[in-house]
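**Q** compute the structure for the input listed below.
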Amino acid sequence: MRLFPDTNVLVSAIIARGLCEDLLRLLVRGHVRGRWELLIGAPVEIEFTRILHTRLHADNETMAIARDLLADGQRVPSSAVNLTLPIPDLDDIPILACALAAQADFFITGDKALLDLNEVHSMRLCSPRQMWDRLFACD
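**A** Predicted structure coming up:
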């Protein structure tokens, strides 16, 4: 199973204790153990770093923790896949294109507009809670 977390899930995992933090740790642990593949898309990593640095003014220690948590994930390059989707934030298009090009089975997001799509091509979109419920028994 190939799992692709959205930027908002990763940011939440770093800045707050709770479901997203627990989910990211579960995703990393399962990836390391070979139970599934954690995919870290280049556009997500760029946006993630930018948000932590410019919007949240994360210190060097927080940035190091963020890099360490993502270090075990499989890096996925940006994609030139052309998508036309009915979503308000066009910045999400390259992220979804990257996930599709990486052949992700699940795109994990907290973005309601994306969750309303339910599926893009054969990739399912799910919330952190839905993914947690699906994976919890696997760990």
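**Q** please count neighbours and contacts with C-alpha atoms only from this point.
**A** Fine.
**Q** got the buried residues for stretch 121-132?
**A** Met123, Arg124, Leu125, Cys126, Ser127, Pro128, Met131, Trp132 (16 or more other Cα atoms under 10 Å).
**Q** gap between the two ends of stretch 69-84?
**A** Start-to-end span of stretch 69-84 (Cα to Cα, to the nearest Å) is 32 Å.
**Q** again with stretch 116-133
**A** End-to-end distance (Cα to Cα), stretch 116-133: 19 Å.
**Q** ok, and what's touching it?
**A** The contact list for stretch 116-133 (Cα atoms under 8 Å, 6 or more residues apart in numbering) reads 9, 19-20, 23, 100, 103-110, 114-115.
**Q** and the buried ones among those, selectable in ChimeraX?
**A** Only the buried entries of the contacts of stretch 116-133 go into this ChimeraX selection, using 16+ other Cα under 10 Å:
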select :9,20,23,100,103,104,105,106,107,108,109,110,114,115
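**Q** ok, the contacts of stretch 116-133 vs Glu47, which is closest?
**A** Val9 (12.0 Å; Cα to Cα).
**Q** ok, that closest one touching Phe107?
**A** No - counting by Cα atoms under 8 Å, Val9 stays clear of Phe107, with 10.4 Å between them.
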